[in-house]
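A.B. asks: Test case, fold it:
(chains A and B)
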Amino acid sequence: MRPLADIEAGIDYRERNSAEPAEAAGELLKFGEEILEHWLDAHDKAPTGEKKEGFRLLALHRQAAQGDPSFNACRETCRELAYHYNLITLDALHAESSQRLVMMVMVVRHLYLFVTGKMQTAELGEFCCASRPLRANAN
Amino acid sequence: MEQKYKKVAYYPGCALEGTGHSYSRSTKELGKALGLELEEVKNWNCCGAMEVKNVDPKLQTYLSSRVMSIAANEMGYDTVMAPCNGCYHNLKKAEYDLENDPASVEVVGKLSEKAGHQTYEAGQVETIHALDWIKDSLGEEGIRARVKNSLKDLKIANYYGCMYTRPRHIFPEKDKGEGSESTSKPHYMDDLLAAAGAENVDFPLKTACCGGAHTLSDSDTSTRLVMNLIRAAEASGAEVIATECPTCHSGLEMHQIRAEKQHGEKSNVKIIYFTQLLGLALGLSPRQVGIHENVSDSMGLLKEKGLA
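C.D. replies: Next up is the predicted model:
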């Protein structure tokens, strides 16, 4: 699990640089999983290795939302991420693959902003008081 | 057969008297243009919003139940229409709690007695959103037949926000197959605006969070969430983001400006309520639907499209 700053930098990089669509889609899906892993880790839960509807991302979301219904506000964002992954990887040569990749970047960025926003508000994980000086130095 | 939702109790809620005034104005004007009657709930109160709910969820249930009680017991209505996603959500939640949670029933009973009004009982009214109101009373055909000024060539990203469909269990009428609203891929606004001639773009963040709850405590997060929504809408080819929630709408407008002022990030997409767009399509003027009350200045685009 990469630090959140690295995930954000990875999303920024993917936004600015073209790539082979299927490979990039896999990387973006992995970012999504790692974002949810951060949330679970901050709540002392071991991230599941299981899959839901073929996606670990969706299983992680379900795990993250247990006991915290407000986390369902990003449920459809996760599903959109899985949907775009399918769109791209099932037909990587499709004429709209590049555009679909652009949208997938924005969907994963939304997930990143939503989850890190909640973590900042609750001072969890990398945003807890003990981590703050480290994060400030890193920035 | 009598038309469904021909006359309903109208619960504007606090936001529609303030930042969302153009939503209230356009909803009322749209109702008039469509021959649908609205009667405002007398002496209504706040639905409990986020503030009360966070302090005491049962107090929020009571506040919402009082609105429904007045509509049912003092005004004789069986339907309450709430255009605000927050109010709609809270009234639906209160309905669910009063049907399933005896502790909520007890608290509501005690507070209603103390306040001196008849206790609301689950099932007395049906709470609907403004989208249900138009979609189920007239439907796409009804809109199509009344269009005087088509929205053709207007590319729209329909944004529903996260409260309209969440949590699923308080919306038992949704996800009932063909024709019903979907909680995962809502489409009522898409359907109505398409009937008015608009071109809906494929917008992947239609139910994503706008950061409304963070607006005061963490404005930067809200701005970044909103800018991501706006950039995604623009990347989808949209010229307009159609809204159906006053909190989302004002958040999109305010953070669009904030993003430009503080981060130099300019965007051209316009933020317009779906009721305003439908009103324009029915031949109402921009002033009638309150375009001048929006912060997002869309007059240039509306003139360009022949809608103003």
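A.B. asks: Give me the mean pLDDT for stretch A:11-19.
C.D. replies: Stretch A:11-19 shows an average pLDDT of 91 in the prediction.
A.B. asks: now do stretch B:144-158
C.D. replies: Per-residue scores along stretch B:144-158 average to 97.
A.B. asks: what comes up buried for it?
C.D. replies: Buried residues in stretch B:144-158, defined by neighbour count with 16 or more other CB atoms under 10 Å in any protein chain shown: B:144, B:146-147, B:149-151, B:154-158. (Glycine included, C-beta is placed from N, CA and C.)
A.B. asks: ok, B:Tyr10 - contacts?
C.D. replies: With contact set as CB atoms under 8 Å, 6 or more residues apart in numbering or on different chains, B:Tyr10 has these partners: B:27-28, B:38-41, B:80-81.
A.B. asks: Point out where chain B drops to low pLDDT.
C.D. replies: B:1-2, B:213-217 (pLDDT under 70).
A.B. asks: Let me see the ranges of the strands in it.
C.D. replies: B:7-10, B:37-40, B:79-81, B:126-128, B:155-159, B:199-200, B:240-243, B:270-273 (DSSP state E).
A.B. asks: hey, which of those is tucked in deepest?
C.D. replies: strand B:240-243 (a mean of 29; mean count of other CB atoms under 10 Å in any protein chain shown).
A.B. asks: For that one, name the packing helices and strands.
C.D. replies: Packed against strand B:240-243 by the contact rule (3 or more CB pairs under 8 Å, 6 or more residues apart in numbering or on different chains; DSSP states H and E) you find strand B:155-159, helix B:219-235, helix B:246-263, strand B:270-273, helix B:274-281.
A.B. asks: export the ones you listed to JSON lines and tack on distance to chain A?
C.D. replies: Putting the helices and strands packed on strand B:240-243 into JSON lines (distance: least, CB to the nearest CB, whole Å) gives the following:
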{"stretch": "strand B:155-159", "distance to chain A": "11"}
{"stretch": "helix B:219-235", "distance to chain A": "4"}
{"stretch": "helix B:246-263", "distance to chain A": "12"}
{"stretch": "strand B:270-273", "distance to chain A": "18"}
{"stretch": "helix B:274-281", "distance to chain A": "19"}
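A.B. asks: most packed of those?
C.D. replies: helix B:274-281 (a mean of 29).
A.B. asks: Other residues contacting stretch B:50-70?
C.D. replies: B:11, B:41-49, B:80, B:86-87, B:90-91, B:93-95, B:97-98, B:103-104, B:107-108, B:111-112, B:115, B:117-120, B:124-125, B:127, B:213.
A.B. asks: one step back: need the max-distance pair from the buried residues of stretch B:144-158.
C.D. replies: Across those, the longest distance by CB to CB is 24.1 Å; it joins B:Arg146 and B:Ala157.
A.B. asks: Could I get the buried residue list for the helix or strand harbouring A:Leu81?
C.D. replies: Assigned by DSSP states H and E, A:Leu81 belongs to helix A:75-90. For helix A:75-90, the neighbour count (16+ other CB under 10 Å) marks A:75-85, A:87-88 as buried.
A.B. asks: Let me know how buried B:Tyr5 is, in neighbour terms.
C.D. replies: Close neighbours of B:Tyr5, defined as other CB atoms under 10 Å in any protein chain shown, add up to 19.
A.B. asks: For it, give me the backbone phi and psi.
C.D. replies: B:Tyr5 adopts backbone torsions of phi 60, psi 30, taken as degrees, to the nearest 10.
A.B. asks: Could you list the single helix or strand in chain A with the lowest mean pLDDT?
C.D. replies: helix A:132-138 (a mean of 61; mean pLDDT, DSSP states H and E).
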